[in-house]
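Novice: the sequence isn't on hand, but the structure is:
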């Protein structure tokens, strides 16, 4: 065979092989692999501590018409929290959390202190309008700079009609 014939035969053979590969189509396959990489880390979470209610006193006012509740409380030692930046207040008629109302400083709530670490918060009659012959739950929460909050520390205040038998006590923790 001559050299030109060999090249022509090679070209024709390559063309037949290529045509056979294209015409045969692509077969489906399921590809899979595994990767053996692992990672490890440590996660730490913090718990925002509740304020600590030391005591509360309900003063009913004249015939129970002008009640005020004075609450003594503190943040746990060493937390670095301070009022008003790190505390939220709430009041619940009947002590029921379903009736919870956020209370804001200057709107029936005033806080002073700390004196030796203890704050004094007064909830006035503008928030306690329905206290005449009823009860209220008063709640404090620590608010961290991140926006996370603690659970609620609470106290329950109650009095009978016309201010009879006023009571106020911190709720068990």
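Specialist: In hand now; what should we look at? Keep in mind that what you see is a predicted model, and the values were worked out from it rather than measured.
Novice: tell me the contacts of residue 73?
Specialist: Taking C-beta atoms under 8 Å, 6 or more residues apart in numbering, we find residue 73 in contact with 51, 52, 53, 54, 118, 119, 121, 140, 153. The way it works is simple: take the backbone N, C-alpha and C, and place the C-beta from them, glycine included.
Novice: so what's the last one bridging to?
Specialist: Right, the one you point to is residue 153. residue 140 (DSSP bridges).
Novice: quick one, helices of the protein?
Specialist: Here the chain has its helices, by DSSP state H, at 3-23.
Novice: in PyMOL, select just the buried ones from the contacts of residue 73.
Specialist: The PyMOL selection below is limited to those of the contacts of residue 73 classed as buried (16 or more other C-beta atoms under 10 Å):
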select buried, resi 51+52+53+119+121+140+153
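Novice: redo the contacts of residue 73 as TSV? Include distance to residue 172 and pLDDT.
Specialist: Below are these laid out as TSV (distance: C-beta to C-beta, whole Å; pLDDT from 0 to 100):
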residue	distance to residue 172	pLDDT
51	15	97
52	13	97
53	11	98
54	14	98
118	20	97
119	21	98
121	20	96
140	15	96
153	11	96
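Novice: among the contacts of residue 73, which are in strands?
Specialist: 52, 53, 54, 118, 119, 121, 140, 153 (DSSP state E).
Novice: for this protein, give me the ranges with low pLDDT.
Specialist: 1-4, 8, 11-16, 18-26, 94-106, 126-133 (pLDDT under 70).
Novice: 80 instead, please
Specialist: 1-35, 64-65, 93-107, 125-134, 173 (pLDDT under 80).
Novice: of the ones in strands among the contacts of residue 73, which is the nearest to residue 165?
Specialist: Looking at the ones in strands among the contacts of residue 73 and their distance to residue 165, the nearest is residue 53, at 20.8 Å (C-beta to C-beta).
Novice: for the closest one, list each beta-bridge partner.
Specialist: Counting by DSSP bridges, the residues bridging with residue 53 are residue 73.
Novice: that one and residue 73, how far apart?
Specialist: Residue 53 sits 5 Å away from residue 73, going by C-beta to C-beta, to the nearest Å.
Novice: overlap in contacts of the two?
Specialist: The contact sets of residue 53 and residue 73 overlap at 140, 153 (C-beta under 8 Å, 6+ apart).
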